[in-house]
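Undergrad: Would you be able to build a 3D model of this:
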Amino acid sequence: MASKLMDRLRRTLFKEGEVVSKEPIDVTEERFPESSELEDDTECLSERLGGTLCFDGESALESEDPDTSPVGPSPGGSSLLTRQLQDSWRSLRFRSVPQKLVFEVTDASVVQESSSKYVLYTIHLIQSGMFDEIPAAITRRYTDFKRLHSCLRRRHRDNMERVGFPRKKLRKNFVAETIAKRSRAFEQYLTHMHSLAELRRSPTFLEFFYLGDLQAGQMLMRVGRYQEALGPLLNGLRLQEKLGCEEQGKQQPHHQQGTHWLFTLLALVTCFQELEQLGEAQEHCDRALRDLAPSPEALQQHHFHPLLIPLLQTNVRLSWKISKDKRQWEVLLQEIQDSGADTGNQPSLKEYLIKETLVESEGDTKAKLKREKAT
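TA: Numbers count the residues shown, from 1 in each chain. Predicted coordinates:
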């Protein structure tokens, strides 16, 4: 069989009576690269792919039909494979991918402060099922997690009955093995808490992530350090977005999470305005107004948020300065005036932000009593 194949190959390549040229054939390096170059490229590709390449769904690579095989006798096999891969890619693009929030400990460092020593964990919140290009992170120590666990047990005893928590050791708390195990335990702990609907919406659980950033931003704003305040405020905004606080704020603007969500947007409006970044200020102002815009019935009965009027006035001024269409909000402001509401002597947004008391939900009652005594 081999001799017949060789004979057929000779007749195909060389005609009878034709002298084979002894001149060397010019083969360029571009058409036929050296084997070493091919091996290097393959190795790099293998590293980038992590050694595995997987296709979901029915793929032409799984087919044993010779008519659809890229090495089969059919001249259209290769194009058929390409079409099947394209169809598979289109189906993947439009396939609904479930999204969930992933908690990942990306760093754990030992901190020494005078007489105290502790481990500070950095946890990133990542939205899976999509390309999450907006990072959001928190830094917490063991005692912060322990406090969260105690509060959740008091408020949600049924859900927390069988939830364990990593105990603190008498020694070896700062060795690499203990820190690594505890990091994985905290990831699993937060993932479990977020998987339960009641705990996922709990103010105690939500405020564990973002409230510290809002308080830090407010303190910096009070002393006029607006540029420094942007960092924690923007991170607080991203954390609330990933945790679903935006939707809760729209549904219940007067609820604690709605108040915190609005505070974050207005604080960013003020900081950007003070820093002469008017486009960013107007963007966040517009976003807050879309959450607070009242229905026609609520407008007639004067049932709207007390900060709606100063927010509208701020947005109209900002829109005018950056030459952006402001007619929608001018119409709403005029409707409020026509309804008989007093649009003068309104508190400034900065005044509200500085005076607002940001406290944990568990301490709301005590905070209210303190404010009542103070007044």
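Undergrad: Every contact and neighbour count from this point should use C-alpha atoms.
TA: Noted.
Undergrad: what residue ranges in the protein score low on pLDDT?
TA: Scanning the chain for pLDDT under 70 picks out 1-99, 129-130, 248-255, 362-375.
Undergrad: Stretch 193-202: which residues count as buried?
TA: Buried positions in stretch 193-202, judged by neighbour count with 16 or more other CA atoms under 10 Å: Met193, His194, Leu199, Arg200, Arg201, Ser202.
Undergrad: what's the straight distance from one end of it to the other?
TA: Start-to-end span of stretch 193-202 (CA to CA, to the nearest Å) is 10 Å.
Undergrad: can you check stretch 168-185 too?
TA: For stretch 168-185, the end-to-end distance is 12 Å (CA to CA).
Undergrad: For the closest residue to Phe103 other than its chain neighbours, give me the backbone phi and psi.
TA: Leaving aside its sequence neighbours, Phe103 sits nearest to Leu125 (CA to CA, 6 or more residues apart in numbering; 5.0 Å). Reported as degrees, to the nearest 10, the phi and psi values for Leu125 are phi -100, psi 120.
Undergrad: how about Leu125, what does it touch?
TA: Applying CA atoms under 8 Å, 6 or more residues apart in numbering to Leu125 gives the contacts Leu101, Val102, Phe103, Glu104, Pro135, Ala136, Ala137, Leu239, Lys242.
Undergrad: Among the residues you listed, name the buried ones.
TA: The buried subset of those (16+ other CA under 10 Å) comprises Leu101, Val102, Phe103, Glu104, Ala136, Ala137, Leu239, Lys242.
Undergrad: Quick check on the third one: phi, psi?
TA: The reference is to Phe103. phi -110, psi 120.
Undergrad: so who does it touch?
TA: Ile123, His124, Leu125, Ile126, Glu187, Leu190, Thr191.
Undergrad: one more time with 6 Å
TA: Residues in contact with Phe103 (CA atoms under 6 Å, 6 or more residues apart in numbering) are His124, Leu125, Glu187.
Undergrad: ok, now the last one?
TA: The neighbourhood of Lys242, defined by CA under 6 Å, 6+ apart, contains no residues.
Undergrad: try it again with 10 Å
TA: Lys100, Leu101, Leu125, Ile126, Gln127, Ile134, Pro135, Ala136 (CA atoms under 10 Å, 6 or more residues apart in numbering).
Undergrad: swap in Asn173?
TA: Tyr118, Val119, Ile179, Arg182.
Undergrad: Please convert the buried members of those into ChimeraX selection syntax.
TA: In ChimeraX, the members of the contacts of Asn173 classed as buried (16+ other CA under 10 Å) are selected with the following command:
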select :119,179,182
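Undergrad: can the contacts of Lys242 go into CSV with extra columns for secondary structure and distance to Asn315?
TA: Output for these, formatted as CSV (DSSP: H, G, I helix; E, B strand; the rest coil; distance: CA to CA, whole Å):
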residue, secondary structure, distance to Asn315
Lys100, coil, 35
Leu101, strand, 33
Leu125, strand, 32
Ile126, strand, 32
Gln127, strand, 31
Ile134, coil, 26
Pro135, coil, 28
Ala136, coil, 28
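Undergrad: Strands of the chain, start to end?
TA: Shown for the chain, the strands assigned by DSSP state E span residues 101-113, 116-127, 137-141.
Undergrad: Export the first one to PDB, keeping only CA atoms.
TA: The C-alpha trace of strand 101-113 is given here as PDB (Å, rounded to 0.1, in the frame of the first residue of the first chain):
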ATOM      1  CA  LEU A 101     -22.000  38.200  44.500                       C
ATOM      2  CA  VAL A 102     -18.700  36.600  45.200                       C
ATOM      3  CA  PHE A 103     -16.700  37.500  48.400                       C
ATOM      4  CA  GLU A 104     -13.000  37.000  48.000                       C
ATOM      5  CA  VAL A 105     -10.200  37.700  50.500                       C
ATOM      6  CA  THR A 106      -7.400  39.200  48.400                       C
ATOM      7  CA  ASP A 107      -5.000  40.200  51.200                       C
ATOM      8  CA  ALA A 108      -4.400  39.500  54.900                       C
ATOM      9  CA  SER A 109      -1.800  41.500  56.700                       C
ATOM     10  CA  VAL A 110      -0.600  41.600  60.300                       C
ATOM     11  CA  VAL A 111      -0.900  45.100  61.900                       C
ATOM     12  CA  GLN A 112       1.000  46.100  65.000                       C
ATOM     13  CA  GLU A 113      -0.400  49.200  66.800                       C
END
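Undergrad: Between strand 116-127 and that strand, find me the angle.
TA: Counting by axes from the mean of the first three to the mean of the last three CA atoms, to 10 degrees, strand 101-113 lies at 160 degrees to strand 116-127.
Undergrad: For Ala108, see how far away Cys245 is.
TA: Cys245 is 27 Å from Ala108, by CA to CA.
Undergrad: swap in Lys326?
TA: Taken as CA to CA, the span from Lys326 to Ala108 is 48 Å.
Undergrad: can you check Gln257 too?
TA: Between Gln257 and Ala108 the distance is 29 Å, computed by CA to CA.
Undergrad: Please apply the same query to Thr191.
TA: Taken as CA to CA, the span from Thr191 to Ala108 is 18 Å.
Undergrad: Then Lys321?
TA: Lys321 is 46 Å from Ala108, by CA to CA.
Undergrad: hmm, back to that, put together TSV for the contacts of Leu125, with distance to Ser348 on each row.
TA: Converted to TSV, these look like this (distance: CA to CA, whole Å):
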residue	distance to Ser348
Leu101	37
Val102	39
Phe103	38
Glu104	40
Pro135	32
Ala136	30
Ala137	31
Leu239	26
Lys242	29
